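Participant: What follows is a predicted protein model with its sequence.
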Amino acid sequence: MNKYSEIRNPNPEFRMKEIMTPREAAEYLSVHVRTIYRLAKNGEIPCRKVGGSWRFKKEALDEWLSWVENPSMREKDNKWKAGY
């Protein structure tokens with residue numbers, strides 16, 4: 001095993017990236033990638049378009065998921081709808 005083996009053979013338990021693609025976000029949230037695109041297009045999930053591609057912050061998704069599970073956290077609503 002050399003120092004580049006982690007790059008070629010990423011370990012699924014390896015630290016999750018801070019910024020995720022739609023496919024990575026879908027895997028992280030255990031939903032279909034089409035669901036991620038629909039939520040992003042409708043502004044229902046915290047994300048940004050970078051160079052025409054959607055990107056998702058893991059921290060923002062965690063906060064959003066907490067808000068979805070506990071709607072009484074209304075102050076978070078304005079934070080993620082305004083962008084992260």
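Facilitator: It's in. Numbering: from 1, shown residues only.
Participant: Dump the C-alpha coordinates for the longest helix along the chain into PDB.
Facilitator: For the chain, the longest helix by residue count, based on DSSP state H, is helix 58-69. Provided in PDB are the C-alpha atoms of helix 58-69 (Å, rounded to 0.1, in the frame of the first residue of the first chain):
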ATOM      1  CA  LYS A  58     -22.600  18.900   4.800                       C
ATOM      2  CA  GLU A  59     -23.100  21.200   7.800                       C
ATOM      3  CA  ALA A  60     -26.100  23.000   6.100                       C
ATOM      4  CA  LEU A  61     -27.700  19.700   5.200                       C
ATOM      5  CA  ASP A  62     -27.300  18.500   8.800                       C
ATOM      6  CA  GLU A  63     -29.000  21.700  10.100                       C
ATOM      7  CA  TRP A  64     -31.700  21.400   7.400                       C
ATOM      8  CA  LEU A  65     -32.400  17.800   8.400                       C
ATOM      9  CA  SER A  66     -32.700  18.800  12.000                       C
ATOM     10  CA  TRP A  67     -35.200  21.500  11.000                       C
ATOM     11  CA  VAL A  68     -37.200  19.100   8.900                       C
ATOM     12  CA  GLU A  69     -37.300  16.600  11.900                       C
END
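Participant: counting contacts, what elements does it pack onto?
Facilitator: If contacts are counted by 3 or more CB pairs under 8 Å, 6 or more residues apart in numbering; DSSP states H and E, helix 58-69 sits against strand 19-20, helix 22-29, helix 75-81. Every residue, glycine included, has its C-beta placed from N, CA and C.
Participant: if you set the cut-off to 7 Å instead, what comes out?
Facilitator: Where contact means 3 or more CB pairs under 7 Å, 6 or more residues apart in numbering; DSSP states H and E, helix 58-69 is packed against helix 22-29, helix 75-81.
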